[in-house]
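In: Can you look at this prediction? I've put the sequence above it.
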Amino acid sequence: MSVKIRLQRHGKKGKPFYSIVAADARAKRDGKFLEKLGTYNPNANPAIIELDVDGAVKWLQNGAQPTDTAKAILSYKGALLKNHLAGGVRKGALTEEQAEAKFAAWLEEKATRITTKKDGLSKEQAEAKAKALEAEKAVNEARVNAVKEAEAAILAEEAAAVEAEAAVEAATEEVAAEETTEETTEEKSAE
């Protein structure tokens with residue numbers, strides 16, 4: 001029986017979630033499996049991978065072939081390195097303690113790289129948030145300035161209308177005053 005280490009898809013459309021399983025190569029993708037080795041959630045950044053490294057190494061030593069994606073995940077989590085070191089121990093090139101020390105050092109280095117990536121992502125998100133806030137402030141200031149300009153224009157129009165009304169009233173008063181003076185002069189001349 002040919003055994004594959006592969007992904008078994010779960011989750012809804014557009015939001016995949018995978019189980020990492022050891023399964024018969026002839027079984028359906030989401031069908032029967034021999035052992036569940038872990039999970040893979042690509043929806044998060046960075047992706048969340050939980051893997052039983054020792055179980056994966058056991059299957060690799062028994063001849064299981066990982067698919068391309070499963071191989072990348074096993075490499076990322078160190079299962080392939082641990083399998084390689086176990087082969088060195090079997091051949092006598094390393095002692096068990098040396099292999100464990102190399103694997104522990106690799107895990108520490110990997111953990112520091114992951115934390116720096118997470119820090120970089122959080123810093124980028126904070127910078128993007130700050131830029132968005134600055135852009136929003138600029139838009140709000142432009143909006144406030146536009147409103148103030150519109151209010152000033154309205155006030156200027158109202159002042160012009162008031163001045164025009166005052167000018168019209170003054171003109172009508174002058175005309176009325178002229179008429180009254182004409183009437184009084186006509187009355188005086190008529191007498």
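Out: Here it is on my side, so go on.
In: do you know how far the spatially most central residue of the chain is from Pro46?
Out: Centroid-nearest residue in the chain: Gln125, 7.3 Å away (criterion: C-alpha atoms, centre = their mean). Relative to Pro46, Gln125 is positioned 13 Å away (C-beta to C-beta, to the nearest Å). In this view, the C-beta of every residue, glycine as well, is placed from N, C-alpha and C.
In: what about the strands in this protein?
Out: Applying DSSP state E to the chain gives strands spanning 3-12, 15-24, 35-41, 48-51, 65-66.
In: biggest helix in the chain by residues?
Out: Taking DSSP state H as the assignment, the helix of the chain that covers the most residues is helix 96-190.
In: starting at the chain centroid, how far to that helix?
Out: Its chain's average C-alpha position is 28 Å from that of helix 96-190, according to C-alpha atoms, centre = their mean, to the nearest Å.
In: and it, average pLDDT?
Out: Averaged across helix 96-190, the pLDDT comes to 86.
In: Show me what it is packed up against.
Out: Packing partners of helix 96-190 (3 or more C-beta pairs under 8 Å, 6 or more residues apart in numbering; DSSP states H and E): helix 79-91.
In: got the angle between the helix it packs on and strand 15-24?
Out: 30 degrees (axes from the mean of the first three to the mean of the last three C-alpha atoms, to 10 degrees).
In: Against which helices or strands is helix 79-91 packed?
Out: Against helix 79-91 (3+ C-beta pairs under 8 Å, 6+ apart) you get helix 53-61, helix 68-77, helix 96-190.
In: would you turn the ones you listed into CSV with distance to Ala25?
Out: Shown next, in CSV, are these (distance: least, C-beta to C-beta, whole Å):
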stretch, distance to Ala25
helix 53-61, 13
helix 68-77, 12
helix 96-190, 29
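In: So which of those helices is nearest Thr39?
Out: Closest to Thr39 of the helices and strands packed on helix 79-91, according to C-beta to C-beta: helix 68-77, at 10.2 Å.
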